[in-house]
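Peer 1: Quick check, what structure comes out for this input:
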Amino acid sequence: MPASTPHPDQSALRRMGEQVRARLASDTGVYRVPSDKAELFAVGDFFSPAECARLVSMIDEVARPSQLHDVAYVAKFRTSYSGNFDPWDPFVMSISRRIDDLLGIAAECGETIQGQRYLPGQEFKPHCDWFYPDQPYWPAEQKRGGQRSWTAMAFLNAVEEGGHTHFVQIGASIEPKPGVLLAWNNARPDGSPNEDTIHAGTPVLSGVKYVLTKWYRTRLFR
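Peer 2: Numbering: from 1, shown residues only. Okay, the predicted model is just below:
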């Protein structure tokens, strides 16, 4: 795509970036990971130990082999288990609302929260969360709510060994710590997709890893 050609939803991505960036910058409980390549933030103790334990149990109930949009991905690219929570469950609604409030994004733009479980040897190789407009899935995703803007991901348990979230281009490898929430902008300040947000769930070497993820779109998520 030529540099002069706007990316899909670029204006909306730029506006959302400005709004969330300002909100997180004003929150003294939010830490920004030093980088000039991407906007990555962390919040400690976002979830309590009791909430983490409850969410872990909920993930065990819904976990199924994880799926991918792009059928061209090589085998074993994503080997974890995952599942969506019931969006109308009162506990899930309260968790979701807290993430919405932290970022200042309308709840209607948020996807259903997904839980993920990684057993020993399982991983998610380097990838970006935004959608590729040249792929067959894009027209459907465009109708469902457009491009992904921000990602919020929380660690729910301590992993015996491995299972870091590694932001490849930033050079940040984040160890799972229960209750910590990460949030990052999938776009650059101008609203174009930021390839420097590429990240991986490194293999779990010992123990089990549980995380939850909520993605936000530029428009109403259907």
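
Peer 1: Tell me how far residue 46 lies from residue 179.
Peer 2: 6 Å (C-beta to C-beta, to the nearest Å). The way it works is simple: take the backbone N, C-alpha and C, and place the C-beta from them, glycine included.

Peer 1: Now for those two: what residues contact both?
Peer 2: The contact sets of residue 46 and residue 179 overlap at residue 154 (C-beta atoms under 8 Å, 6 or more residues apart in numbering).

Peer 1: between the two, who's got more neighbours?
Peer 2: residue 46 (22 against 17; other C-beta atoms under 10 Å).

Peer 1: Identify the residue nearest residue 42 in space, chain neighbours excluded?
Peer 2: Nearest residue to residue 42 in three dimensions, chain neighbours excluded: residue 31, at 4.8 Å (C-beta to C-beta, 6 or more residues apart in numbering).

Peer 1: Now do the same contact list for that neighbour.
Peer 2: 41, 42, 43, 44.

Peer 1: surely the last one meets residue 180?
Peer 2: Yes. Taking C-beta atoms under 8 Å as the definition, residue 44 is a contact partner of residue 180 at 5.6 Å.

Peer 1: Between the two, which has more neighbouring residues?
Peer 2: The neighbour count for residue 44 versus residue 180, taken as other C-beta under 10 Å, is higher for residue 180 (21 against 11).

Peer 1: Can you name the residues that contact that one?
Peer 2: 42, 43, 44, 45, 46, 154, 155.

Peer 1: Now it, what are its backbone angles?
Peer 2: Main-chain torsions, residue 180, degrees, to the nearest 10: phi -80, psi 130.

Peer 1: go on, the one 3 residues further on?
Peer 2: Geometry field for residue 183 lists phi and psi as phi -140, psi 140, criterion degrees, to the nearest 10.

Peer 1: So it sits against residue 41, correct?
Peer 2: Yes. Counting by C-beta under 8 Å, residue 183 touches residue 41, with 4.8 Å between them.
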